[in-house]
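# quick one: sequence and predicted model below, then my questions.
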Protein chains: 2
Amino acid sequence: MNGFDRSIPFADRIADRVRETGSRLVVGLDPVVERFPSTVAELPIEEALVGFCQGILEAVRDEAAAVKPQVAFFERHGWLGMRALVRVVEIAQKMGIPVIADAKRGDIGSTAEAYAEAFLGEESGTPGPFVDALTVNPYLGSDSLEPFLKRVREGGRGLFVLARTSNPGGSEIQCRPEDPLPVFRQVARAASGWGAGSKGACGYHGVGLVAGATFPEELAQIRHDAPRSWLLIPGVGAQGGDINALRTAFDGEGLGGLVNSSRGVIYATAQGSQEWTEAVAEAARRTRQAIDEGVLN
Amino acid sequence: MNGFDRSIPFADRIADRVRETGSRLVVGLDPVVERFPSTVAELPIEEALVGFCQGILEAVRDEAAAVKPQVAFFERHGWLGMRALVRVVEIAQKMGIPVIADAKRGDIGSTAEAYAEAFLGEESGTPGPFVDALTVNPYLGSDSLEPFLKRVREGGRGLFVLARTSNPGGSEIQCRPEDPLPVFRQVARAASGWGAGSKGACGYHGVGLVAGATFPEELAQIRHDAPRSWLLIPGVGAQGGDINALRTAFDGEGLGGLVNSSRGVIYATAQGSQEWTEAVAEAARRTRQAIDEGVLN
């Protein structure tokens, strides 16, 4: 796959990729210069970001169902970082690795339209042409998602709407005990309506949900409420989520869930004379196997 | 004022600015090339964005309490747009106009820290050094706000947390009729805790709230729940909010509220031989007067 065929819905593209690679692992690209191998860290910032991420992409290309660049770690370096992001997602697309841009944007009206254009559009100099799917924040309601949903229905793109985030404070709004219906369940129940018109042959549609591994009971509720949404699951590894508790997210074919790991893979420590990229490839292999053992057996 | 003195809390800097200019108007910078005057629109994109915004800044410098660049309209043009944003906020700071970056960012842990660095940090090539305050999204809870709050307490910056947005769909999560406590009121009640350690001599602290003009009753509840937060009020003009209903946001000195207008000011139509910047200045003057008449009498 070179680039992506917009006539194939995102849900099917990601299903095909899972079948091809046999992997349910999403590798998060969270570039932090202080943690780069020294040969990369000493480059000027834009080259360091691109060099590090390119090394990761090459190391995980056969091990990852998708990569998830975390936009904040690029934006933190200003316009040079954003230029690096565009280069990184273009490289990923050329390698045939689906890109989930983790930007968690959310705004209204023409502003939401401008974010949709930035991340799911076609303008040169933006990540848009190279992004398969985007994370968005639902706090501003359905109308705020519409410019993104249009690109799901008509452009073959995907979305992952934040339902239940993996951090402790996420409960404050998403899951208040006194609410008749927790907010995260309302979001999950809305997903199939948002996904109308984007369903693929695989049975899933283009509007996925973010569901933290750190709250397995709620993950199961989300799967129940949104049976045809791809679930993007952060929070395993450093954040303490247990892979064995994620089985509920997957169907009988092992589709429906994507498990994210970022720092546990991309900052794997090289042993002895090992290249840093070999350590990354090994960590990715180990992590995807652990996911398979946890969720498929 | 050239740049800003970080030893003065944001709440006091904005209070001083309101007193100096006598204005409670925030001018939103929503640059949309298709609406630019032709002399600006024909420039290369980065120069067009900077040229348009510089024209606005010069036109409104004595009429605006602050300016609010909407980051999406820059990000939509990729890294060139982000470089334009950095130039625009630097120009605003040199003119002594406070800058509220409208980015509505929200994420967790080290990712939130990276966004805080991008928008409230010091790295060259980012907007950070030139931004007085930032809008953020509370969906991910208090821990997600902490990296931003640290810069409020220690760095003299300000925040505006989304409470009640001005769009119809905002009600879906922020104000569900069946919830014992609507989410927007929970956010408002949390503001004084978030603002601890950032209170200024003016009586307000550094954690403001976004409260749409389109829901005046809820604006009054937010003022009640968060008596010491600056309220950033969008939704007058095009969105239909009535200025007269905003009185409740302001204290006896006419402080505590900032009313945003974007397109109604920056795309004012020039009459006859008038320069476009004259039309903008006139629209800003008219709008600030309308605000004063609505909220002070």
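Nice, I can see it.
# residues contacting stretch A:115-125, please?
A:83, A:86, A:101, A:103, A:105, A:107, A:126-129, A:131, A:134, A:147-148, A:150-151, A:155, A:157, B:72, B:75-81 (Cβ atoms under 8 Å, 6 or more residues apart in numbering or on different chains). (C-beta placed from N, C-alpha, C; glycine too.)
# so what's the backbone phi/psi at A:Glu75?
Backbone torsions for A:Glu75, taken as degrees, to the nearest 10, come to phi -60, psi -30.
# what about it, neighbour count?
Here the number of neighbours of A:Glu75 (other Cβ atoms under 10 Å in any protein chain shown) works out to 25.
# for it, which non-adjacent residue is closest in space?
B:Ala118 (4.6 Å; Cβ to Cβ, 6 or more residues apart in numbering or on different chains).
# that neighbour sits in which helix or strand?
helix B:109-120 (DSSP states H and E).
# how far does that helix sit from the chain's center?
The chain centre lies 19 Å from the centre of helix B:109-120; the measure is Cα atoms, centre = their mean, to the nearest Å.
# what packs against the helix or strand following it?
Next helix or strand after helix B:109-120 toward the C-terminus (DSSP H and E): strand B:133-136. Packing partners of strand B:133-136 (3 or more Cβ pairs under 8 Å, 6 or more residues apart in numbering or on different chains; DSSP states H and E): strand B:100-105, helix B:142-155, strand B:158-164.
# ok, 6 Å please
Counting by 3 or more Cβ pairs under 6 Å, 6 or more residues apart in numbering or on different chains; DSSP states H and E, the packing neighbours recorded for strand B:133-136 are strand B:100-105, strand B:158-164.
# would JSON lines of those strands with mean neighbour count, mean pLDDT and distance to chain A be doable?
Output for these, formatted as JSON lines (neighbours: other Cβ atoms under 10 Å in any protein chain shown; pLDDT from 0 to 100; distance: least, Cβ to the nearest Cβ, whole Å):
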{"stretch": "strand B:100-105", "mean neighbour count": "27", "mean pLDDT": "98", "distance to chain A": "6"}
{"stretch": "strand B:158-164", "mean neighbour count": "28", "mean pLDDT": "98", "distance to chain A": "6"}
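# can you pull the residues of the stretch 151-297 of chain A lying near chain B?
A:Thr165, A:Asn167, A:Gly169, A:Gly170, A:Glu172, A:Ile173, A:Glu178, A:Asp179, A:Pro180, A:Val183 (Cβ under 6 Å from any Cβ of the partner chain).
# compare the residues you listed and tell me which is most surrounded.
A:Thr165 (29 neighbours).
# helix or strand for A:Lys68, which one?
Assigned by DSSP H and E, A:Lys68 belongs to strand A:66-69.
# what's next to that strand, contact-wise?
Defining contact as Cβ atoms under 6 Å, 6 or more residues apart in numbering or on different chains, one finds that strand A:66-69 is touched by A:Val26, A:Val27, A:Gly28, A:Leu29, A:Ala92, A:Ile97, A:Pro98, A:Val99, A:Ile100, A:Asp102, A:Asn260.
# with stretch A:181-199 instead?
By Cβ under 6 Å, 6+ apart, the residues outside stretch A:181-199 that reach it are A:9, A:138, A:149, A:152-153, A:163-164, A:173-175, A:205-207, A:209, A:222, A:225-226, A:228-229, B:173.
# where in chain A is pLDDT low?
A:1-3, A:297 (pLDDT under 70).
# could you rerun that using 50?
For chain A, the stretches with pLDDT under 50 are A:1-2.
# where do the strands sit along it?
Counting by DSSP state E, one finds strands in chain A at the ranges A:25-29, A:66-69, A:100-105, A:133-136, A:158-164, A:205-211, A:229-233, A:257-261.
# tally of neighbours for whichever residue of the stretch 1-150 of chain A sits closest to chain B?
The nearest approach of the stretch 1-150 of chain A to chain B comes at A:Gly141, 2.7 Å away (Cβ to the nearest Cβ). Residues near A:Gly141, counting by other Cβ under 10 Å, number 21.
# surely it touches B:Gly170?
Yes. The criterion here is Cβ atoms under 6 Å, and A:Gly141 meets it with B:Gly170 at 5.2 Å.
# list the residues that are in contact with both of those two.
Common contacts of A:Gly141 and B:Gly170 (Cβ under 6 Å, 6+ apart): none found.
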